[in-house]
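J.: Give me coordinates for this.
(chains A, B, C and D)
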2 protein chains.
Amino acid sequence: MKVLAEQPISENANQELARFAKALGHPTRLQILQLLDSQACCFTGDLVEVIPAAQSTISQHLRELKNAGLIQGEINPPRVKYCINKENWRKAKLLFTHFFEE
Amino acid sequence: MKVLAEQPISENANQELARFAKALGHPTRLQILQLLDSQACCFTGDLVEVIPAAQSTISQHLRELKNAGLIQGEINPPRVKYCINKENWRKAKLLFTHFFEE
DNA sequence: TCGTTTCATCGTAAAACTACGATAAACGAT
DNA sequence: ATCGTTTATCGTAGTTTTACGATGAAACGA
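T.: From the prediction side, this is the model:
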């Protein structure tokens, strides 16, 4: 019992932190997050104009950020508006902060 | 000129932050860093006893952490003693902190 | 209904990552 | 010199990532 009770919490925290970190592990994705955070939100097209990569590539990065839970997309008819997922953003910030303060 | 002066700084910061984040993007590497940080330092063998992975796998993760600049190894004859690279650790902490506070 | 716009997804190719066993290198001790 | 210990590296296989062009889907306006 003790064995099962000791690990899971930090195990899960590590898994979650690793997921966030992995999502942050590419310069283009960092840039996307910075752009989304500086202006409230962004359409995909706005990002394509600023970031030097193909539209499909940016869409792929957006999907990874979405899968990691760091952003969320809201359909706004012909377009899709992306925003930071504030709840998970805060969670990620906390996990990183705790990690570096150990 | 303006074009060249505007980007490079944050470009480089993003590259560096992405490198750190990528290194943190695996649960085993997080665990290694936590172990190195909790006790001052560690020999590879100590890690192998605690982490459920082959010795070669752990050595590979150690190399990636070293390449990212987060740890450093000191040869201590038959063994190698690994420690956190405190300077880069601090740098990473700052980069993450700034990133999340934007 | 027919384009147009916007974005995601598919298909593909190259590169990188992950994990392992086997092997090699370095060194102390016998 | 040879052996045992410790660790890195090699070779390998399977998976994942990255990037792109091409294609598809959804929604709107003409």
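
J.: use CA for all of it now, contacts and neighbours both
T.: Noted.

J.: Break down chain A into its strands, ranges please.
T.: For chain A, applying DSSP state E gives strands covering A:41-43, A:71-76, A:79-84.

J.: lowest-confidence stretch among those strands?
T.: Between the strands of chain A, the one with the least mean pLDDT is strand A:41-43; it has a mean of 79.

J.: And the most centrally placed residue in chain A, its phi and psi?
T.: The centre of chain A sits closest to A:Leu70, judged by Cα atoms, centre = their mean, with a distance of 2.8 Å. Main-chain dihedrals, A:Leu70, degrees, to the nearest 10: phi -80, psi -20.

J.: I figured it hits A:Trp89, correct?
T.: Yes - counting by Cα atoms under 8 Å, A:Leu70 touches A:Trp89, with 5.9 Å between them.

J.: quick one: the nearest residue to A:Ala54 once chain neighbours are set aside from A:Leu30, how far?
T.: In space, and not counting its chain neighbours, A:Ala54 is closest to A:Val48: 7.2 Å by Cα to Cα, 6 or more residues apart in numbering or on different chains. Taking Cα to Cα, to the nearest Å as the measure, A:Val48 and A:Leu30 are separated by 14 Å.

J.: same thing with A:Val50?
T.: Relative to A:Leu30, and taking Cα to Cα, A:Val50 is found at 13 Å.

J.: The two: who's more crowded?
T.: A:Leu30 (21 against 11; other Cα atoms under 10 Å in any protein chain shown).

J.: Retrieve the pLDDT associated with the residue lying closest to A:Gln15 once chain neighbours are set aside.
T.: In space, and not counting its chain neighbours, A:Gln15 is closest to B:Pro27: 5.6 Å by Cα to Cα, 6+ apart. If you check B:Pro27, the pLDDT there is 97.
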